[in-house]
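Peer 1: Provided below for reference: sequence and predicted model.
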There are 2 protein chains.
Amino acid sequence: MATIKQVALEAGLSKSTVSRFIAQNGYVSDEARKKIEEAIKKLNFTPNLSAQSLKTKKNQLVGLLLPDISNPFFPMLAKGAEEFLKEKGYRVMLGNIGENHQSEHDYLKVLLQSNAAGIISTHDFKEEFPDLDIPSVIVDRVGHKSNYGVFSDNESGGRLAAKVIVEAGAKNVAVVSGPLNATNINNRFKASIAYLKEKKVDFKALYSQSYDFEEIQKEAREVLANKENFDSIIAPSDIHAMAYIHEIHRLDKKIPEEIQIIGYDDIQMSQFIYPALSTIHQSAYQMGLEAAQLIYKIATDQPIEKSKIELPVHYVARETIRQKGKE
Amino acid sequence: MATIKQVALEAGLSKSTVSRFIAQNGYVSDEARKKIEEAIKKLNFTPNLSAQSLKTKKNQLVGLLLPDISNPFFPMLAKGAEEFLKEKGYRVMLGNIGENHQSEHDYLKVLLQSNAAGIISTHDFKEEFPDLDIPSVIVDRVGHKSNYGVFSDNESGGRLAAKVIVEAGAKNVAVVSGPLNATNINNRFKASIAYLKEKKVDFKALYSQSYDFEEIQKEAREVLANKENFDSIIAPSDIHAMAYIHEIHRLDKKIPEEIQIIGYDDIQMSQFIYPALSTIHQSAYQMGLEAAQLIYKIATDQPIEKSKIELPVHYVARETIRQKGKE
């Protein structure tokens, strides 16, 4: 590949003139410009964007590390982050770290190498790499040690899901936990169980191993095949609820008359499935947006009023929970 | 921030020993190791991963540039690419270039700077940057000039959509085109229209400006509000079809009795909405997988049998198209 030196030789100009031209940094006469363009064309010279970019300290890149983009919750979170950061001149690059964040280290390397301005992640990598000098905000799965985080009020959400289902007449509830070890998400599950205990409603705790739709379908098939005869299900996500609904249809049981089910997240899809899913709404878009604002403030040294932001949740009544007075 | 020189001074060792230790490259005695670790801790030294990583030519990163991850077609494509590349030790980083690929240049910069092994994109950036020396495969929206590409048989797909709807008794069809300028996707739309003309079925061509669900809902509302009285709709994507279905429900019209509609893509959601969407299936997962195999072959200098891969499509009958003999 041709070098700047060769281009300079070909153009009959100094290397620094060619450099100024390529970096668009400083004066280059029209005549020189023309010569350089000809030389570049002749030698098929490609400027090394890499070397150029490294001169600017930050390249306006923010990394977004998420566990699963096939769950629409996360693309919506990405959208919230991206729309804010785009306004501010930043680009977002998305990495899929999986539920076990096994590829996290590789992504961190790439982002540091690209001088990223910050990282928004569902996993607090600073626990493992405390010395990494890069602004970071944890979303959704915020731990006690995280410095900056945006998350939903999972405790209220878990309690609310149980309250809704109990008030609709639940007698025997399957409470499904997602495959997570993040404290605050487990709080959701624990809060549901605490409420059911308070109200002395029979329940069984079940543990899902996956967020993959087909995997969950298999789990749902097993749960529904045994003789427990649940009349209600509290699902850890709308994706889980949808997989269960699919299997309940297969068994020709009526929703919500024979089995009622409540989801969590309120992804867009929830309003279009049949029956439309009753669920606990948490705003993925808002979560992404707040995280983006936070990372922007950290990256640009602005004052931060709140380093941990808890977003409210609410119940969205649709068709999978029995209506009061209709039983 | 502390430098390697300061660490060497603190540890009472040469700079090159410290370098070897940090880069994990060459022999360092246990005693030296201990001293360096203490010095690093004391000085709170952070190794510059950036400088280190640049030493290896390729960092096993593949960039995936997509127009919209809120359309589940693209996360599924990403999944196909990612699962193959992960096996081969590569990481995939996703960038959202939008329908107008306005942020493409910034992503290219980041990927070149990170010495990415290759780029899979829905937009052929080599038309604008012909000298960029990086393996690239175009997916979905492959143009005539693209060297490597994976795409669906859009012409057959477009024709098939029209055939299905005509055989189900369509008399007055709205054919909706997506907001694309990619030749091969337009071929789909053109093939539908060619078939309707052949069969002398009345139709009107409509042009959608968006892939955003809410935007499409607005368009659908306008289309359905005027007095055309379409009895059939050929949608450019399942997302479009779902937005139309939503608006048709709002008007209390029966699907498929009063209006039938066919989608395109067969995203997972299509089977869960009400009524379940009849659609043309194209495999996003397969598209991502084939593109990943191709980029891997290019990046590792393996022989390539086929530089452009066309994937077959087929019709999936569900509930939004009238059944023959049921009219």
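Peer 2: Okay, I see it.

Peer 1: quick one: average pLDDT of stretch A:288-297?
Peer 2: Confidence over stretch A:288-297 (mean pLDDT, whole number) is 96.

Peer 1: Is that stretch in proximity to chain B?
Peer 2: No. Contact of stretch A:288-297 with chain B (Cβ under 8 Å from any Cβ of the partner chain) is absent, the minimum separation being 11.7 Å. From N, CA and C alone the C-beta is placed, and that goes for glycine too.

Peer 1: Put the alpha carbons of that stretch into CSV.
Peer 2: The C-alpha coordinates for stretch A:288-297 follow below in CSV (Å, rounded to 0.1, in the frame of the first residue of the first chain):
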residue,chain,number,x,y,z
GLY,A,288,-31.7,3.7,27.9
LEU,A,289,-32.4,7.5,27.7
GLU,A,290,-31.6,8.1,31.4
ALA,A,291,-28.4,5.9,31.2
ALA,A,292,-27.3,7.9,28.1
GLN,A,293,-27.9,11.2,29.9
LEU,A,294,-25.9,9.9,32.9
ILE,A,295,-23.0,8.7,30.8
TYR,A,296,-23.0,12.0,28.9
LYS,A,297,-22.8,13.9,32.1
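
Peer 1: now it: how far from the chain's centre is it?
Peer 2: Stretch A:288-297 sits 13 Å away from the centroid of its parent chain (Cα atoms, centre = their mean, to the nearest Å).

Peer 1: what do you get for stretch A:132-148?
Peer 2: Relative to the centre of its chain, stretch A:132-148 is centred 13 Å away, using Cα atoms, centre = their mean.

Peer 1: And the residue of chain A found nearest chain B, how far from B:I280?
Peer 2: Closest to chain B within chain A is A:Y274: 3.3 Å, counting by Cβ to the nearest Cβ. Distance of A:Y274 to B:I280, computed by Cβ to Cβ, to the nearest Å: 22 Å.

Peer 1: can you check A:E228 too?
Peer 2: For A:E228, the distance to B:I280 - Cβ to Cβ - is 41 Å.

Peer 1: neighbour count winner among those two?
Peer 2: The residue with more neighbours, out of A:E228 and B:I280, is B:I280; 27 against 13, by other Cβ atoms under 10 Å in any protein chain shown.

Peer 1: Tell me the strands beside the strand or helix carrying the more buried one, with direction?
Peer 2: B:I280 is part of strand B:279-281, with elements assigned from DSSP states H and E. As defined by DSSP bridges, the strand partners of strand B:279-281 come to strand B:260-265 (parallel), strand B:314-316 (antiparallel).

Peer 1: what's the distance between the last one and the middle of its chain?
Peer 2: This points to strand B:314-316. Strand B:314-316 sits 21 Å away from the centroid of its parent chain (Cα atoms, centre = their mean).

Peer 1: do the same with stretch A:88-96
Peer 2: Mean-position distance between stretch A:88-96 and its chain equals 12 Å (Cα atoms, centre = their mean).

Peer 1: is any part of it close to chain B?
Peer 2: Yes. Stretch A:88-96 lies within reach of chain B by Cβ under 8 Å from any Cβ, at A:R91, A:V92, A:M93, A:L94, A:G95, A:N96.

Peer 1: Switch those residues over to a markdown table; also include neighbour count, distance to A:E128 and secondary structure.
Peer 2: What follows is these, written out as a markdown table (neighbours: other Cβ atoms under 10 Å in any protein chain shown; distance: Cβ to Cβ, whole Å; DSSP: H, G, I helix; E, B strand; the rest coil):
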| residue | neighbour count | distance to A:E128 | secondary structure |
| --- | --- | --- | --- |
| A:R91 | 23 | 26 | strand |
| A:V92 | 25 | 23 | strand |
| A:M93 | 26 | 21 | strand |
| A:L94 | 25 | 21 | strand |
| A:G95 | 26 | 16 | strand |
| A:N96 | 24 | 18 | strand |
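
Peer 1: Any chance of those residues in CSV with pLDDT and distance to A:E104 as columns?
Peer 2: Below are these laid out as CSV (pLDDT from 0 to 100; distance: Cβ to Cβ, whole Å):
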residue, pLDDT, distance to A:E104
A:R91, 89, 20
A:V92, 93, 17
A:M93, 92, 14
A:L94, 94, 13
A:G95, 93, 8
A:N96, 90, 10
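
Peer 1: for those residues, which one is nearest A:E198?
Peer 2: A:N96 (39.1 Å; Cβ to Cβ).

Peer 1: Surely that closest one touches A:P67?
Peer 2: Yes. Here A:N96 reaches A:P67: they are 7.4 Å apart, a contact under Cβ atoms under 8 Å.

Peer 1: circling back: name the residues that touch the helix or strand just after the strand holding B:I280?
Peer 2: Following strand B:279-281 in sequence order, the next helix or strand is helix B:284-299 (DSSP H and E). Residues outside helix B:284-299 that contact it (Cβ atoms under 8 Å, 6 or more residues apart in numbering or on different chains): B:58, B:62, B:73-74, B:76-85, B:88, B:90, B:117-120, B:135-137, B:139-140, B:148, B:150-152, B:265, B:267, B:302-304, B:307, B:309, B:311.

Peer 1: Check the offset of the strand or helix carrying A:K218 from the chain's centre.
Peer 2: Using DSSP H and E, A:K218 maps to helix A:213-225. Centroid separation between helix A:213-225 and its chain, computed with Cα atoms, centre = their mean, is 24 Å.
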